[in-house]
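# My questions are about this predicted structure, shown below with the sequence.
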Amino acid sequence: MNADTVIQFSEFDQFYKEYLPLTPYGLANKHKYPMFSDSVHLQSIFDSIEKTVAFIQENPFEADKIESHFRNVDLVNSFDKAIFDTSDIYLIKKFLICYKAILSQLNEEIKVDHKLEFSLQEILDLLTPDGGTGFIFHLDSCYDNQLKVVRNKISELDIEISDIKRKRLTELYNLYELDFKYRDFLIVDEVKASKYNNDLIYKEVYDSSSLYIKPIFPPHYFEVYQQKDALLAEEHLREQKVLEQISTEILKKKDVITDYIQKVEALDILFAKARLALKYSMVKPILNSNTKFIEIINGRFLPLMNKCKEIDTVYTPLTASFDNRIVVVTGSNMGGKTVLLKTIGFLQLLAQMGFWIPADAMKTYVFENIAYIGNEENDKITGLSSFGFEIHKLTTILKQLEKPTLLLIDEFAKTTNSTEAKALISALLMSFSQKETLHCFLSTHFMELPDFIGVSFYKMKGFSQAEYKKLYVKNTQLTLNERIRLINSFMQYEVVKDENSVKSNDAITIADILGLDEEIIAYAKNYLGGNYA
C-alpha cells in the first residue's frame, strides 16, 4: 500500500516525528511507514496497545525500566556465517541480557499474549563463564585449559621481555644519560653520537648535523620475542577453536534468537504507540462497521491542533457522520474544507498504521489504497500543468479500484474554466457513485451539482454572518494578521449535511474584512443582483 500523497497532504510527519521506538529494530520498522489492510490484524494491534497502556499506567516504574532496556538493545549482526567473532557474540549476549530483563518487568498477561519466555539461559551462561552480569564478552581462559597455559606462558615472556628492555635502557642512561623510557628513538648531535658504543646503539643520519639513534637489545631479547610470536599464533588458533564451539551452540538457537528479536521489535513499537495514546488521549478505532461509512466524533487533526495551541487560537475538532461512500464538501474559502480532508486522511492513516486515534470515537472501513489528488507543488511532472497533473493522477488511481480505496480530492479542476470544471466534477460523481469499492471525499467551491444515488452533500458552516453583523465594527487600521484572526473568530469550522445547497456569500465579506477596495465590494454586491443579505 502506497499512501505517500496522503502522508504529505495530511502533514502526517508532523505527528510521526513524535513516534519514537527506542530499539534499532523499532526505528527501522518506523522508517518503512508500515500500513495494514487486514482488519483482524489491526484489531489485535489495537487490543495490544490497550493492554500496554494499562500496564504503563499501573506500573510506571517497570515501564520506565523496560524502556531503558530498549535503549540498550543494539542490532545483532547477521547469522549467515559459520563462526562469529567476539563483537558478534558481544551483541548477541547484550541482546539476550536486555530481552531477559524486559521480560522480568512485564506482567503475565502481556507475556502470555505475546508468547514471551526466556529459554536460552544455557547460551547466556556459556557467554558469561565467569558468572558476571555485564554486557562485555571476552574469550576467557576457562573455555580451554590449554588456552590458559598458553596465555600464562605469554605473560611470563612479557615479563622477561620487559626486564631485558629495562636493563638495557638503564644501562644506556647510566653510560650516556640517554632517556629512552618513553621514546622509541632520539635525535642527537652527531659529535655526541660518535662517542656511543655501536654495539649498544643503532645510528642513522638524520640531517647534516644530527643522528637518529635507537637502543640495540641483546640477541636473547629477540629469541624471547620469537617464542612469544609462536605462542600468540597458538593462542589465536585455540581462540578460533573456542569461537567455533560457541558459534555452533549459538547457531543451534538461531531461530529462537531471531524470534526474540521480532518480539522485542513488536514490544518496542507497542510501547511507543501506547505513549502517544496516553499523550493525546487517543482511542481505539472501530473498524468495518456494518454500514461501511465513516463516522468521527471530535476527531483531532494534531498538526493543526498543536499549531493552534502554539498561537493561542481555538481549534475545532471534527464531528461528522457521513452517510454515503461518496461525499461532496462545499463551503467558503478559509472555511475548513481542506482541513476536513486532511483530518480524515490523518485519522485513516493512523488507524491503518496500527495507532489509536485522537478522537472520542471513529468508525471507519479498512482500505487497500489511500490516495490524494490536489495541489502538490513538490510533485509535478515536467510539462504538465496543475490540471494535467490532476488528470494524470486520477487516471492512475482509477486503474486500481478493484480494491477498497479511499480517495481525497481537494478542489478538483480549480485551475481550469469553471464550466468545464463543473462538468468534470459532475461526471466524476456519477462514475464514482457506481464503484462499490470506492470511498471518496471531494471538496469544491462549485454549488448546485447534480444529485446521484450514493452521493451525499455536506457543507462547512463557514462564516457566521449573524455574529459578524452583531459584533464587527469596520476598522481600517487593523493589520493583516489582525484581520485574519478576526475572520477566524467568526468562522464556524463545523460540517453539516447540505440539504438545500444555499448559496454562500462569505467570500465577499472576507474580502471586505481583508481590506479590498470598497468600490469593488459594492460592484460585487450589485452583480449578485440584490441577493447579498
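Done, it's in. Residues are numbered from 1 along each chain as shown.

# the strands in the chain, which residues?
186-189, 201-205, 210-215, 286-287, 295-299, 318-321, 326-330, 361-364, 369-373, 405-410, 438-443, 455-463, 491-497 (DSSP state E).

# Between the ones you listed, which one is closest to Leu175.
Nearest to Leu175 among the strands of the chain is strand 201-205 (9.5 Å), distances taken as CB to CB. Where you see a C-beta, it was placed from the backbone N, CA and C, and this is true even at glycine.

# and the gap between Ile344 and Gln434?
Going from Ile344 to Gln434 by CB to CB, to the nearest Å gives 22 Å.

# Could you check which of those two is surrounded by more residues?
Ile344 (27 against 11; other CB atoms under 10 Å).

# Please give me every residue in contact with that one.
294, 296, 318, 408, 441 (CB atoms under 8 Å, 6 or more residues apart in numbering).

# Tell me which stretches of the stretch 301-450 of the chain form helices.
Along the stretch 301-450 of the chain, the stretches classed as helices by DSSP state H, counting those that start in this stretch are 302-310, 337-352, 386-398, 418-433.

# can you list the contacts of Ile344 in a markdown table and add neighbour count and pLDDT?
Output for these, formatted as a markdown table (neighbours: other CB atoms under 10 Å; pLDDT from 0 to 100):
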| residue | neighbour count | pLDDT |
| --- | --- | --- |
| Ile294 | 24 | 93 |
| Ile296 | 25 | 95 |
| Leu318 | 23 | 93 |
| Leu408 | 25 | 96 |
| Phe441 | 23 | 96 |
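
# hmm, back to that, out of the helices of the stretch 301-450 of the chain, name the one with the poorest average pLDDT.
Among those, helix 386-398 has the lowest mean pLDDT, at a mean of 84.

# Can you give the distance of it from its chain's centre?
30 Å (CA atoms, centre = their mean, to the nearest Å).

# And it, what does it pack against?
Packing contacts for helix 386-398, counted by 3 or more CB pairs under 8 Å, 6 or more residues apart in numbering; DSSP states H and E, involve strand 369-373.

# what angle do the strand it packs on and helix 386-398 make?
Put simply, strand 369-373 runs at 170 degrees to helix 386-398, going by axes from the mean of the first three to the mean of the last three CA atoms, to 10 degrees.

# what pLDDT, on average, does strand 369-373 get?
94.

# Pairing partners for it, with directions?
Paired neighbours of strand 369-373 in the sheet (DSSP bridges): strand 405-410 (parallel).

# what angle sits between the strand it pairs with and helix 337-352?
Computed with the same axes, to 10 degrees, the direction of strand 405-410 lies at 160 degrees from that of helix 337-352.

# so how far is strand 405-410 from its chain's centroid?
Distance, centroid of strand 405-410 to centroid of chain: 25 Å (CA atoms, centre = their mean).

# Now distance to Phe355 too, for the strands of the chain, in JSON lines please.
What follows is those, written out as JSON lines (distance: least, CB to CB, whole Å):
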{"stretch": "strand 186-189", "distance to Phe355": "69"}
{"stretch": "strand 201-205", "distance to Phe355": "72"}
{"stretch": "strand 210-215", "distance to Phe355": "68"}
{"stretch": "strand 286-287", "distance to Phe355": "13"}
{"stretch": "strand 295-299", "distance to Phe355": "13"}
{"stretch": "strand 318-321", "distance to Phe355": "17"}
{"stretch": "strand 326-330", "distance to Phe355": "24"}
{"stretch": "strand 361-364", "distance to Phe355": "11"}
{"stretch": "strand 369-373", "distance to Phe355": "14"}
{"stretch": "strand 405-410", "distance to Phe355": "16"}
{"stretch": "strand 438-443", "distance to Phe355": "20"}
{"stretch": "strand 455-463", "distance to Phe355": "26"}
{"stretch": "strand 491-497", "distance to Phe355": "23"}
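
# Which of the ones you listed comes out lowest on mean pLDDT?
strand 491-497 (a mean of 69).

# is it true that Phe217 touches Arg166?
No - with contact defined as CB atoms under 8 Å, Phe217 and Arg166 do not form a contacting pair (10.9 Å).

# Who has more neighbours out of those two?
Phe217 (17 against 11).

# Can you report phi and psi for the more buried one?
Backbone dihedrals for Phe217, given as degrees, to the nearest 10, come out at phi -90, psi 150.

# Tell me how far it lies from Asp184.
Applying CB to CB, one obtains 12 Å for the distance of Phe217 from Asp184.

# now do Phe452
Phe452 is 90 Å from Asp184, by CB to CB.

# Between the two, which is the more surrounded one?
Neighbours per residue, other CB under 10 Å: of Phe452 and Asp184, the larger number sits with Phe452, 17 against 7.
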